[in-house]
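# What follows is a protein structure lacking sequence information:
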């Protein structure tokens, strides 16, 4: 990843700049990566979207258009996503607060009809305020984690091309989480009101499109109800 001079701008300005990108920019990863490398969100302007839960990370909707969704995800120390991809979507990530690891995997084989797959670790990338990244469209299976040795909270901004409509979660271990996750809200709306949800997911299973409205997200989190959310004014 090349070095770039970064500027720091308020969240509202960040969204305004993101909305200027044409449709083709979301069909590949380079343009949005370049934008994230040169543009940071001022951490204090994220405050209305930061909701924390001790048992699981939270997904907080900031903006949604026909081209993309922008989320802020809050990670307590030790929290991690399941191993997952984003079916036919591009995904870009930046970390304005703290730092996170992205563990990438190669798919050796998968049998969706049998719920089986085999993964091999590929590489691990650190994200921090000066190092954003994009999910590799050719090898999109990954997980995100905030290791205990980092010993600090973290916030990541995720841009998903096209509104999120489901994906695959390749569960590598049993998961049973109870979380208070924020409802999706737009900027300038009232503060998000958390609501309790619980889930249990089986281990060693590949789940395809498992999340109707209000259920678990494909990456294993509990999050906003996207179809009830509003986007920023045009």
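Okay, I see it. Given the structure is predicted, the values throughout are model-derived calculations rather than measurements.

# CA only for contacts and neighbour counts going forward, please
OK.

# partners of residue 119 in the sheet?
residue 107 (DSSP bridges).

# should've said residue 124
The partner residues for residue 124, given DSSP bridges, come to residue 103.

# Pull the number of nearby residues for the closest residue to residue 141 other than its chain neighbours.
In space, and not counting its chain neighbours, residue 141 is closest to residue 85: 4.6 Å by C-alpha to C-alpha, 6 or more residues apart in numbering. Residue 85 has 25 neighbours, counted by other C-alpha atoms under 10 Å.

# Output the below-cut-off pLDDT ranges for the protein.
1-4, 163-234 (pLDDT under 70).

# can you give me the helices for it?
In the chain, the helices defined using DSSP state H lie at 11-18, 30-38.

# if you compare the ones you listed, which one is most tucked away?
helix 30-38 (a mean of 18; mean count of other C-alpha atoms under 10 Å).

# So for stretch 6-15, first residue to last residue, what's the gap.
The straight-line separation of the ends of stretch 6-15 (C-alpha to C-alpha, to the nearest Å) is 16 Å.

# same deal with stretch 86-106?
14 Å.

# Mind listing what's buried along that stretch?
Of the residues in stretch 86-106, 86-87, 89-106 count as buried by neighbour count, 16 or more other C-alpha atoms under 10 Å.

# swap in stretch 60-78?
For stretch 60-78, using 16+ other C-alpha under 10 Å, the buried residues are 60-64, 67-78.

# phi, psi of the residue nearest to residue 141?
phi -130, psi -170 (degrees, to the nearest 10).

# switch to numbering from 59
All set: I'll call the first residue 59, so the last point we hit is now residue 143.

# Return the distance of it relative to residue 194.
In terms of C-alpha to C-alpha, residue 143 sits 10 Å off from residue 194.

# same deal with residue 80?
In terms of C-alpha to C-alpha, residue 80 sits 21 Å off from residue 194.

# now do residue 101
26 Å.

# What of residue 99?
On the measure of C-alpha to C-alpha, residue 99 and residue 194 end up 23 Å apart.

# neighbour-wise, which of these two wins?
residue 99 (23 against 16).

# which residues pair with that one across the strands?
residue 67.

# Hmm, it is touching residue 72, no?
Yes. Assessed by C-alpha atoms under 8 Å, residue 99 is found in contact with residue 72 at 6.5 Å.

# residues contacting residue 100?
66-69, 154 (C-alpha atoms under 8 Å, 6 or more residues apart in numbering).

# Got phi/psi on it?
The phi/psi pair for residue 100 (degrees, to the nearest 10) is phi -60, psi 120.

# Kindly report the same for residue 209.
phi 60, psi 40.

# Could you pull up the contacting residues of it?
residue 135.

# what's the spacing between it and residue 158?
From residue 209 to residue 158 the distance is 11 Å (C-alpha to C-alpha).

# same thing with residue 110?
16 Å.

# Check residue 199 too.
16 Å.

# cool, residue 97 as well?
For residue 97 relative to residue 158 (C-alpha to C-alpha), the value is 18 Å.

# who's in contact with residue 150?
Residue 150 touches 87, 90-91, 190-193, 216-218, counting by C-alpha under 8 Å, 6+ apart.

# Which of these fall in strands?
If you go by DSSP state E, the contacts of residue 150 have 191-192, 216-218 in strands.

# what about the closest residue in space to residue 98 that isn't next to it in sequence, neighbour count?
Nearest residue to residue 98 in three dimensions, chain neighbours excluded: residue 66, at 4.6 Å (C-alpha to C-alpha, 6+ apart). The local packing of residue 66 (other C-alpha under 10 Å) involves 14 other residues.

# wait, residue 66 sits on residue 97?
Yes. Counting by C-alpha under 8 Å, residue 66 does reach residue 97; the two are 5.9 Å apart.
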